[in-house]
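Visitor: Can you look at this prediction? I've put the sequence above it.
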Amino acid sequence: MRIRVRVAPNAKREEVTGEGDYFVVRVKEPPKEGKANRAVIKALALHFKVPQSSVSISSGFKSKDKIVEISGLDAGSSR
């Protein structure tokens with residue numbers, strides 16, 4: 001399953017919310033040295049209850065807007 005994600009780094013709390021046709025992922029880590037990207041993968045894995053290895057960033061590595069691939073889920077199982 002592919003989802004669109006908007007990342008909010010340096011947040012006070014970590015959370016995953018759905019807004020319209022994309023997810024907003026708030027993470028505490030800064031957008032330096034891939035820290036925020038790793039935190040996004042971890043947060044989405046927890047949210048969708050899949051292993052972190054099932055979550056990968058397809059595009060937008062250096063952007064707040066990303067396309068994320070989650071394997072092991074079908075399109076109807078987004079929460």
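Guide: That came through fine. Numbers count the residues shown, from 1 in each chain.
Visitor: Return the set of buried residues in the lowest-mean-pLDDT helix or strand in the chain.
Guide: Ranked by mean pLDDT, DSSP states H and E, the helix or strand of the chain with the weakest confidence is strand 15-19, at a mean of 92. The neighbour-count check on strand 15-19 (16 or more other Cβ atoms under 10 Å) flags residue 16 as buried. Where C-beta positions appear, they are placed from N, C-alpha and C, glycine not excepted.
Visitor: That strand pairs with which strands, and in what direction?
Guide: Each strand that pairs with strand 15-19, with its direction, by DSSP bridges: strand 22-26 (antiparallel).
Visitor: The strand it pairs with: what's the following helix or strand?
Guide: helix 35-48 (DSSP states H and E).
Visitor: Pull that following helix out as CSV, backbone CA atoms only.
Guide: The C-alpha trace of helix 35-48 is given here as CSV (Å, rounded to 0.1, in the frame of the first residue of the first chain):
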residue,chain,number,x,y,z
LYS,A,35,16.8,11.0,12.1
ALA,A,36,13.3,12.2,11.2
ASN,A,37,13.0,9.7,8.4
ARG,A,38,13.9,6.8,10.8
ALA,A,39,11.4,8.2,13.3
VAL,A,40,8.7,8.4,10.6
ILE,A,41,9.2,4.7,9.7
LYS,A,42,9.0,3.7,13.3
ALA,A,43,5.9,5.8,13.9
LEU,A,44,4.1,4.4,10.8
ALA,A,45,5.1,0.8,11.7
LEU,A,46,3.5,1.2,15.2
HIS,A,47,0.4,2.9,13.7
PHE,A,48,-0.2,0.2,11.1
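Visitor: Please compute how far that helix lies from its chain's middle.
Guide: 5 Å (Cα atoms, centre = their mean, to the nearest Å).
Visitor: Tell me the first helix or strand C-terminal of that helix.
Guide: Downstream of helix 35-48, the first helix or strand assigned by DSSP H and E is strand 55-59.
Visitor: tell me what that next one is packed against?
Guide: Contact analysis of strand 55-59 by 3 or more Cβ pairs under 8 Å, 6 or more residues apart in numbering; DSSP states H and E lists helix 35-48, strand 65-70 as its packing neighbours.
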